[in-house]
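**Student:** Sequence first, then the predicted structure, then my questions.
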Amino acid sequence: MSAPNPLKVAFARRHAAEVAAHVANQSYDAVVQTLHGLPVEVGAGVIAKLPHAVAVKLLASQTDERVAAWLSQAALDDALSLVLHLDQARRENVLARLPIRHIRQTLERLVIYPTKTVGAIVDPTVARLDGDTPLDQAVEMLRAEGENDVKRVWIVDGDARYRGLLDLSRALLARSGQLPVGELAVRPAPLRAETALAAALDVGEWLEHPELPVVDHRGHLLGALSRQRLATALEAEKPVGHGVLNSVTALTEQYFRVLGICLGDLLAGRRT
């Protein structure tokens, strides 16, 4: 096996986000080829910056031992991103294989939340994009990931911290496809993962949004929680009346149905 190109390793070490964005626009084989030969800690940094759907596919093809090796060598923020890209059912098994106990315990505290909290029922599979991604490139990435039918796209920074929600109407009206999607975002207030389900029910943001972002204590986007998913979890725990939450259901569902149509128009309208 030939030694890795030292320039490639140095560039990937210093510019993991740029490498991830470049290969994500090519093919899955390009992702695998780029990672080949990189030191474990450098490869972990690149994987952590990949779009969610690409990282999910990559990690799903790896053994628990291989993923645990990446986690054990990654910086904490990168390790957290890797865990969040993992299928939820695998997380505990992979973390159990980490050789360093304090790293394992730290990650478990960050991603495994008690029942009856928002973090326990969050949907981690939501579409997300780096805020520095140009609009045209973002559209191509969403198409490549099979996201033509998504209604909401969440915006994060290079460290996977929450930045906002893509405003579809502004995206459709954008004059330049090179405009970063971060400049087309609105910012619904996020839910903290440790928030109790009953307390989350009273958040005023539900009046404007049927789905809210969920973040950890450092602002990383863990996923999103829909009003319907929250209500279902509360009903399973104890039947309660939902008051104003239910009173706005019909209006907001229609509103976001229209936004979903707008995103479909955006994806269709920018086909080359």
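**Tutor:** Cool, the structure landed.
**Student:** Same question for stretch 131-138: list its buried residues.
**Tutor:** Neighbour counts over stretch 131-138 (16 or more other Cβ atoms under 10 Å) mark Gly131, Asp132, Thr133, Leu135, Gln137, Ala138 as buried. Placement of C-beta: from N, CA and C, glycine included.
**Student:** Show me which of these is closest to Ala12.
**Tutor:** Closest approach between those and Ala12, by Cβ to Cβ: Asp132, at 17.8 Å.
**Student:** Report how many residues lie close to the closest residue in space to that closest one that isn't next to it in sequence.
**Tutor:** With sequence-adjacent residues excluded and distances taken as Cβ to Cβ, 6 or more residues apart in numbering, Asp132 is closest to Pro180, at 5.3 Å. Applying other Cβ atoms under 10 Å, we find 17 residues neighbouring Pro180.
**Student:** hang on, the earlier thing: kindly reformat the buried residues of stretch 131-138 as TSV containing distance to Val23 and pLDDT.
**Tutor:** TSV is the format used below for those (distance: Cβ to Cβ, whole Å; pLDDT from 0 to 100):
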residue	distance to Val23	pLDDT
Gly131	19	91
Asp132	16	89
Thr133	14	89
Leu135	20	91
Gln137	13	86
Ala138	16	86
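**Student:** Out of the residues you listed, which sit inside helices?
**Tutor:** Leu135, Gln137, Ala138 (DSSP state H).
**Student:** Hmm, Val181 and the last one touching each other?
**Tutor:** Yes - in this structure Ala138 lies within contact range of Val181 using Cβ atoms under 8 Å: 4.9 Å.
**Student:** Contacts only, for Val126.
**Tutor:** His52, Arg152, Trp154, Gly223, Ala224 (Cβ atoms under 8 Å, 6 or more residues apart in numbering).
**Student:** again, only this time at 6 Å
**Tutor:** Val126 makes contact with Trp154, Gly223, Ala224, according to Cβ atoms under 6 Å, 6 or more residues apart in numbering.
**Student:** what's the answer for Arg187, then?
**Tutor:** The contact partners of Arg187, taken as Cβ under 6 Å, 6+ apart, are Gly164.
**Student:** Next one, pLDDT for it please.
**Tutor:** The per-residue pLDDT reported for Arg187 equals 95.
**Student:** What does it show for phi and psi?
**Tutor:** Dihedral angles of Arg187 (phi, psi; degrees, to the nearest 10) stand at phi -130, psi 80.
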